[in-house]
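A.B. asks: okay, sequence plus prediction incoming.
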Amino acid sequence: MFSKKSNCPVPFDQQPLNEYLALKESLLFSWSVSPNNSFIFGFLFIFIVLLVFFSIFIALFSNINNVSQFFSLDLLFSNCVIFLLFIRLYLGWSYIIKRLMSATVFYEESGWYDGQVWIKTSDYLIQDRLVCLYQLIPFIVRIKYSCISLFFNFFFIYLFDYIF
């Protein structure tokens, strides 16, 4: 699945296309590029597990007697963790998008002290940009919409807590 480019001076692990393929195979990021049904069910599964974990944690270590406060605090903690998860996904994919869309690639030959810059040829640039536009941009848009929905969820939790 990884591609070795013969006329590319960039080390194998630092080539943008190989970085994309490696990130796509990791556990957290593979979930974010899965089909919509799998993405939604994974999101709901993580949300429910966090909801149960934080409800047990809040019940053991706090003395909240009001049920509405208990549920709103539980939802708030769960949403914060999910929001941080989506921020991590967004930052990871945006780094790869920047590397794929750029006409130059910064790489390190043997250590931090000897960095080089390689200018992509037109073949590599076209291939990387097509991969970015047609495979990565839809997933990063989906992550943005998920973050927006979590923001509205924060608003509804605050409204629920304010009313009750």
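C.D. replies: On my side now, so go ahead. Residues are numbered from 1 along each chain as shown.
A.B. asks: against which helices or strands is the helix or strand containing residue 93 packed?
C.D. replies: Element membership for residue 93 (DSSP states H and E) is helix 67-101. Using 3 or more Cβ pairs under 8 Å, 6 or more residues apart in numbering; DSSP states H and E, the elements in contact with helix 67-101 are helix 16-25, helix 27-32, helix 36-61, helix 122-131, helix 137-163. All C-beta spots, glycine's among them, are computed from the backbone N, C-alpha and C.
A.B. asks: tilt between it and helix 16-25?
C.D. replies: Orientation of helix 67-101 against helix 16-25 (axes from the mean of the first three to the mean of the last three Cα atoms, to 10 degrees) gives an angle of 160 degrees.
A.B. asks: ok, now how distant is the residue sitting furthest away from the middle of the chain from residue 122?
C.D. replies: Centroid-distance maximum for the chain: residue 65 at 36.4 Å, with Cα atoms, centre = their mean. Noted for residue 65: a distance of 68 Å to residue 122, by Cβ to Cβ, to the nearest Å.
A.B. asks: in contact with the residue nearest the centre of the chain, which residues?
C.D. replies: Geometric centre of the chain, nearest residue: residue 89, 0.8 Å, by Cα atoms, centre = their mean. For residue 89, the contact set (Cβ atoms under 8 Å, 6 or more residues apart in numbering) comprises 28, 29, 32, 143.
A.B. asks: so can I have a markdown table of the residues you listed showing distance to residue 18 and neighbour count?
C.D. replies: As requested, the contacts of residue 89 are exported to a markdown table (distance: Cβ to Cβ, whole Å; neighbours: other Cβ atoms under 10 Å):
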| residue | distance to residue 18 | neighbour count |
| --- | --- | --- |
| 28 | 18 | 11 |
| 29 | 14 | 19 |
| 32 | 19 | 24 |
| 143 | 22 | 22 |
